[in-house]
Each structure stands twice: as C-alpha cells, then as structure tokens.
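Peer 1: after the sequence you'll find the predicted model.
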Amino acid sequence: MAVETRSAPIGEPEDEAPGLYGVMGEFESASGLLAATRRAYAAGYRQMDAYTPFPIDGLGEALGLRTNAIPLIGLFGGIAGAVTGFGMQLWIHTSALPINVGGRPLDSWPAFIPVTFELTVLFSALSMLVGLFVLNRLPEPYHPVFNVASFARASRDRFFLAIQADDPRFQLESARQFLRELGAGEVADVAP
C-alpha cells in the first residue's frame, strides 16, 4: 500500500497550519497597540485587524484602511432623497392632484423646499446607516477571534492585534515571534 504525500511546489513555503484563521497578540495599552500596528504594517503585513474597547485615533490609518465610502454613500443617498422629495411633489401637484389655489402656478418650487430638505436628510441618514452595516459586515454573530478565551476582555481593558493566515507574509512561527517582539503579553493561535 502506497502512502501519498503532498508537498508545496519548489520555491513556495508549505502551509504550516491548515485551517488556521491567524495569530492574535494581546496588548495592555492603546499606545502599545497603535505602535505595534504601525510596525506590523511597516513589516509588510496587510491582512490584519485590531480590536479595542474604544476608538483609537490613527488606528485605521495604521491598519492601512483608506476607504472613504460612507461620505459618498451619504451624498448619493441625499441626492436620491432630494430627487424623490421634489419629484414626488411635482408629480402630485401637476399630474395626480392638480388644485389651483388663488391662481398660483401648479409647479411652485419654493413650496417644495421643506419636504425636499427633509427627505434629503432622511435618505442620507438611512443610507449611511445601511452602508455602515454592510461595510462592517454586521450583524456578525460569530467570528473566529471569539474562540480565544482572553478575547472576552477586548470590550473592557485589553487591546488585540490579529494577523490573518491569508496574509502573503504570514508564516506561523515568524508571526508569533513578531507579535512577541512587538510587546504582546499573550500570543494565541486563532482557530476558524
């Protein structure tokens, strides 16, 4: 009976931990996490995420997040609201229910401004809310980092940096050692 073995092609590293989500380091302070994130990005890691109990100024930039999608979503939602509000009133007053009051024109646009403004604000706010949920992939009832026991403190007083296994630079032992060098108190493997 022959035993089949599988190895990586020459020049490519073998997958050291199949089925692993990544490696996560625990930090005691926000400044320690921010410095570690900047150093990890400078070292070439791109598939990583940080978990904190409160927002940290500059952490998004340190992670390499450069998206400005929410303002654009709000702008397009506001434009859709303005067009909807103005168009709805124009259609109602000129076609669906034309009532001539005091000889005024049916398409008197100054009278349409309050409703147009209100729908602009409403559509913009609702589109940004939906956009935030979609872009943040919420609700997310399960995430692999929940498998790490110490992660329960992420909502109270600890800060975590996770380097994902699908990062091109990821090597299991070197990633663990790198997080220890950055000052992580505990380094844990994250199972999927």
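Peer 2: Good, I have the coordinates.
Peer 1: domains of the chain?
Peer 2: 22-53+157-190, 69-135 (automatic domain parsing).
Peer 1: start and end of the last one, how far apart?
Peer 2: For domain 69-135, the first-to-last residue distance is 9 Å (C-alpha to C-alpha, to the nearest Å).
Peer 1: and if you look at stretch 99-110?
Peer 2: Between the opening and closing residues of stretch 99-110 lies a distance of 17 Å (C-alpha to C-alpha).
Peer 1: would you point out which residue is most central in the chain?
Peer 2: Of all residues in the chain, the one closest to the mean position by C-alpha atoms, centre = their mean is residue 136, 3.8 Å from it.
Peer 1: picking up where we left off before, now the domains of the chain as a markdown table including mean pLDDT and mean neighbour count?
Peer 2: C-beta coordinates here come from the backbone N, C-alpha and C atoms, glycine included. Listed next are those as a markdown table, based on pLDDT from 0 to 100; neighbours: other C-beta atoms under 10 Å:
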| stretch | mean pLDDT | mean neighbour count |
| --- | --- | --- |
| domain 22-53+157-190 | 95 | 18 |
| domain 69-135 | 95 | 14 |
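Peer 1: to residue 142, which of those domains lies closest?
Peer 2: Shortest separation from residue 142 across the domains of the chain is recorded for domain 22-53+157-190, at 12.7 Å, computed as C-beta to C-beta.
Peer 1: list the contacts of the residue nearest to residue 112 when sequence neighbours are not counted.
Peer 2: The shortest distance from residue 112 to any non-neighbouring residue, by C-beta to C-beta, 6 or more residues apart in numbering, is to residue 89 (4.5 Å). Applying C-beta atoms under 8 Å, 6 or more residues apart in numbering to residue 89 gives the contacts 111, 112, 115, 116.
Peer 1: surely residue 89 is in a helix?
Peer 2: Yes. Judged by DSSP: H, G, I helix; E, B strand; the rest coil, residue 89 forms part of a helix.
Peer 1: distance check, it against residue 104.
Peer 2: According to C-beta to C-beta, to the nearest Å, residue 89 stands 14 Å off from residue 104.
Peer 1: thinking residue 169 is in contact with residue 43, fair?
Peer 2: Yes. Counting by C-beta atoms under 8 Å, residue 169 sits close enough to residue 43 to count as a contact (7.5 Å).
Peer 1: ok, now which ones touch residue 79?
Peer 2: Taking C-beta under 8 Å, 6+ apart as the contact definition, residue 79 lies against residue 120.
Peer 1: CA atoms only for stretch 160-175, dumped as CSV, please.
Peer 2: Only the C-alpha atoms of stretch 160-175 are listed here, as CSV (Å, rounded to 0.1, in the frame of the first residue of the first chain):
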residue,chain,number,x,y,z
PHE,A,160,-5.7,42.9,20.4
LEU,A,161,-3.9,42.7,17.0
ALA,A,162,-4.7,39.8,14.8
ILE,A,163,-2.6,38.8,11.8
GLN,A,164,-4.6,36.7,9.4
ALA,A,165,-3.3,33.5,7.9
ASP,A,166,-4.3,34.6,4.4
ASP,A,167,-1.7,37.4,4.5
PRO,A,168,1.0,36.8,1.9
ARG,A,169,3.8,37.3,4.5
PHE,A,170,2.2,35.0,7.1
GLN,A,171,4.4,32.2,8.5
LEU,A,172,3.1,30.8,11.7
GLU,A,173,6.2,30.8,13.8
SER,A,174,7.6,34.1,12.5
ALA,A,175,4.2,35.8,13.1
